[in-house]
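1. Quick one, fold the following:
(2 chains)
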There are 2 protein chains.
Amino acid sequence: MPSSNPRARHFPPPMSSTSLSPEGEEVAEEEQVVTPWEVSAKQGGKIDYGKLIDQFGCQRLDQSLIDRVQRLTNRHPHVFLRRGVFFAHRDFTDILDAYERGDKFYLYTGRGPSSEALHLGHLVPFMFTKYLQDAFKVPLVIQLTDDEKCMWKNLSVEESQRLARENAKDLIACGFDISRTFIFCDFDYVGGAFYKNMVRVAKCVTYNKVVGIFGFTGEDHIGKVSFPPVQAVPSFPSSFPHLFSGRENLRCLIPCAIDQDPYFRMTRDVAPRIGYSKPSLIESTFFPALQGETGKMSASDPNSAIYVTDTAKVIKNKINKYAFSGGQDTTEKQRKFGANLEVDIPIKYLEFFLDDDAELEQIRREYGAGHLLTGEVKRRVIEVLTELVERHRRARAAVTDEMVDAFMAVRPLPNMFS
Amino acid sequence: MPSSNPRARHFPPPMSSTSLSPEGEEVAEEEQVVTPWEVSAKQGGKIDYGKLIDQFGCQRLDQSLIDRVQRLTNRHPHVFLRRGVFFAHRDFTDILDAYERGDKFYLYTGRGPSSEALHLGHLVPFMFTKYLQDAFKVPLVIQLTDDEKCMWKNLSVEESQRLARENAKDLIACGFDISRTFIFCDFDYVGGAFYKNMVRVAKCVTYNKVVGIFGFTGEDHIGKVSFPPVQAVPSFPSSFPHLFSGRENLRCLIPCAIDQDPYFRMTRDVAPRIGYSKPSLIESTFFPALQGETGKMSASDPNSAIYVTDTAKVIKNKINKYAFSGGQDTTEKQRKFGANLEVDIPIKYLEFFLDDDAELEQIRREYGAGHLLTGEVKRRVIEVLTELVERHRRARAAVTDEMVDAFMAVRPLPNMFS
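-> Residues are numbered from 1 along each chain as shown, chains lettered A, B, ... in the order given. As a prediction, this is how the structure comes out:
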């Protein structure tokens, strides 16, 4: 099962194939493992997201909440909300309650810059975060954990920094509003108020605790052990005095893939002990690999994902050749039995990226009933993805180094709530 | 056995009462333990410094080296060199070889600011460092580890920062040359090049390794596990771009008490793996408690040490009442047998602070032969210490907040080698 999360890490899995309870304790032999470094479903199956909600102790993002977002923002909810891509939350209700009373919040998301080319899964949380920023008119901080990637992937400091700037261009290409967005790399930004908060957090977390949460072993280097506070502290407004001075009680909402939940369980556990509010979360499922939701997206297999650098021809080839189909083997059988939509990757991809609800519903109905063939559905997916990737590529090509510097400048965001 | 080191820490001792080999491995049941947080001699005995040299794998600072320092600096060696207070080193010879060829170096020392009042033992490394700075005409960086004290002593960030500034006044009162000295607090300074070096070091040290070196347990918080790189990286010139830009190969010499050796064994182990030179060390014995070299100086017992805030009357009282004497019980026995200089604290204190070699030798001879009584020797110690403390107090009273800011300003030191 591939991870669509913006900070997917490749790291030795926890020592046993157990899962984590909300307290970070091991639960005897669960069938699926979801940590920031490993996402694996029960043998041959799919991730059971309902079970994950129970395991992690987060809440389901139900229709009434989506309706409430629509009412409060006065706009059609994002496709990722409507279709259940963002399906779980922690205290998102508190954010909406406060917003309804006139209190704003800020958004925090991030990415571990591990390679130059992003794939579509990487874009998911950023596309959704842009929607949230536009809909709620709130400031956003984006953390690029070049320090983490330097430590986990054994990259040089300089190479990690270079990747972070390259990735920043992809994020900027998602259309974030520079007047409300601060992007930072840890190597540039750690220090001062941010470092003080790192120390405050680190004091509250024992080594045994991080072993329970993240599965470190004694042979892991201490850089890994030191890192969780670095990802925790952007949850606290006081880590950004140039943005939130005088607004230290501002609430924080973190859009992320659900495999990042362990970091923020830890953060939420520590927050009240150091006098800070717990951040709220809104959490997504994973973006499936071309080979299917049970497949594993491999960093060494470029054919498991569509990259934002793929040409139209490559996209067409990958979808036609690798996208797992729920359609029948032959046209005759397809006409007779229809496709199994539950396992069909073209349908999944359309659910993520085809905004038109009516068209999607029609495709689902006709494909499921056998009126549409796999090739026809794939043709539509190829169109949708090619358009998305082309649009992204054009936007990214327009991002200059000066724009990166401007987004990363340590500066106030004067009109961040308007 | 009290620790005179500038960064004495109070921390649970390693799990067993074993010592550490140069590789940080445990050695079966040694009788003495010396770590940054614990200094304990064999039951009822004194620290065996010769054995410590063997255990740690450092080198003895012998007379030929002292003679060489005298020749190179063209001045009488400091009393702490002449009397063997600084008794061990690592690669100090390399520093002198390079110096002889015309290559300079820089000094690095530090202190964990844990309480407002320093005692005499705290001053030892700083008095010696000032001598080195003056004699070799080299720059000096002084690290105040307010982050560490915040984590170990569970102080607030603000209180740790306040203590660091108070302690900085005591250090400045030691007479450091502002044109060659940069003092920094971690909470203010960690970030940028310094943080990058922290990450480079952390990548090279496993959790098992720091457990072997420092004796951490799983119940210790991760702030402790994260700290060793913070104390390591001032050993590398690139951590101070405002000072050493273009001089990244400058050698580093660290004067410290020998209980800090574990930090720098780790640092020296890592340095070549990240392309840096190993720092050299020059290491001191511990400053004895009033109750004797076998006694334990207790933070909660102000009568175990002379503080720089003690009045003349308090000094007199402490020496007369608490300073362990090697003299005989009665005047008659003293006249007949003389004093045992090996255990006599007044003599030890004179060895540290009475600069006049001839006078010291005369006192030792006459006291040892019974011609001098304990009370007479104590009278001389009281004079010497009172003068030292009064001089320090006057110097400290003259240190303004503006001077602290000036020493801590992140600035170039334009004439640091002249």
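2. got a pLDDT number for the residue of the stretch 151-300 of chain A found nearest chain B?
-> The nearest approach of the stretch 151-300 of chain A to chain B comes at A:Gly191, 2.3 Å away (C-beta to the nearest C-beta). C-beta coordinates here come from the backbone N, C-alpha and C atoms, glycine included. Per-residue pLDDT puts A:Gly191 at 97.
3. So what's the residue count around the closest residue in space to it that isn't next to it in sequence?
-> Distances taken as C-beta to C-beta, 6 or more residues apart in numbering or on different chains put B:Gly191 closest to A:Gly191, at 2.3 Å, once the chain neighbours are dropped. When neighbours are defined as other C-beta atoms under 10 Å in any protein chain shown, B:Gly191 has 19 of them.
4. likewise A:Phe352?
-> Look at A:Phe352: counted by other C-beta under 10 Å, it has 22 neighbours.
5. can you pull the buried residues of the helix or strand hosting it?
-> Per DSSP states H and E: A:Phe352 is located in helix A:345-353. Of the residues in helix A:345-353, A:Ile345, A:Pro346, A:Ile347, A:Lys348, A:Tyr349, A:Leu350, A:Glu351, A:Phe352, A:Phe353 count as buried by neighbour count, 16 or more other C-beta atoms under 10 Å in any protein chain shown.
6. can you check stretch A:314-321 too?
-> Quick answer for stretch A:314-321 (16+ other C-beta under 10 Å): A:Val314, A:Ile315, A:Lys316, A:Lys318, A:Ile319.
7. Please export the alpha-carbon coordinates of it; CSV is fine.
-> The C-alpha trace of stretch A:314-321 is given here as CSV (Å, rounded to 0.1, in the frame of the first residue of the first chain):
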residue,chain,number,x,y,z
VAL,A,314,4.4,8.3,-20.3
ILE,A,315,1.1,8.9,-18.5
LYS,A,316,-0.8,7.2,-21.2
ASN,A,317,1.5,4.2,-21.3
LYS,A,318,1.6,3.8,-17.5
ILE,A,319,-2.2,3.9,-17.2
ASN,A,320,-2.8,1.6,-20.1
LYS,A,321,-0.1,-0.8,-19.0
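8. that older thread, just name the closest of the buried residues of helix A:345-353 to B:Cys58, please.
-> Nearest to B:Cys58 among those, counting by C-beta to C-beta, is A:Phe352 at 61.8 Å.
9. Tell me where the model's unsure across chain A.
-> A:1-31, A:43-44, A:294-300 (pLDDT under 70).
10. what ranges do the strands span in chain A?
-> A:19-20, A:26-27, A:33-34, A:39-40, A:59-60, A:86-90, A:105-111, A:140-144, A:181-185, A:251-257, A:280-284 (DSSP state E).
11. JSON lines for the ones you listed, including mean neighbour count and distance to chain B?
-> Converted to JSON lines, the strands of chain A look like this (neighbours: other C-beta atoms under 10 Å in any protein chain shown; distance: least, C-beta to the nearest C-beta, whole Å):
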{"stretch": "strand A:19-20", "mean neighbour count": "22", "distance to chain B": "17"}
{"stretch": "strand A:26-27", "mean neighbour count": "12", "distance to chain B": "15"}
{"stretch": "strand A:33-34", "mean neighbour count": "24", "distance to chain B": "22"}
{"stretch": "strand A:39-40", "mean neighbour count": "20", "distance to chain B": "24"}
{"stretch": "strand A:59-60", "mean neighbour count": "15", "distance to chain B": "28"}
{"stretch": "strand A:86-90", "mean neighbour count": "23", "distance to chain B": "23"}
{"stretch": "strand A:105-111", "mean neighbour count": "25", "distance to chain B": "17"}
{"stretch": "strand A:140-144", "mean neighbour count": "25", "distance to chain B": "14"}
{"stretch": "strand A:181-185", "mean neighbour count": "24", "distance to chain B": "11"}
{"stretch": "strand A:251-257", "mean neighbour count": "25", "distance to chain B": "20"}
{"stretch": "strand A:280-284", "mean neighbour count": "27", "distance to chain B": "22"}
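12. Take these and lay them out in a markdown table including distance to A:Glu359.
-> Listed next are those as a markdown table, based on distance: least, C-beta to C-beta, whole Å:
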| stretch | distance to A:Glu359 |
| --- | --- |
| strand A:19-20 | 38 |
| strand A:26-27 | 42 |
| strand A:33-34 | 32 |
| strand A:39-40 | 30 |
| strand A:59-60 | 27 |
| strand A:86-90 | 21 |
| strand A:105-111 | 29 |
| strand A:140-144 | 31 |
| strand A:181-185 | 32 |
| strand A:251-257 | 26 |
| strand A:280-284 | 23 |
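13. Cool, thanks, talk later.
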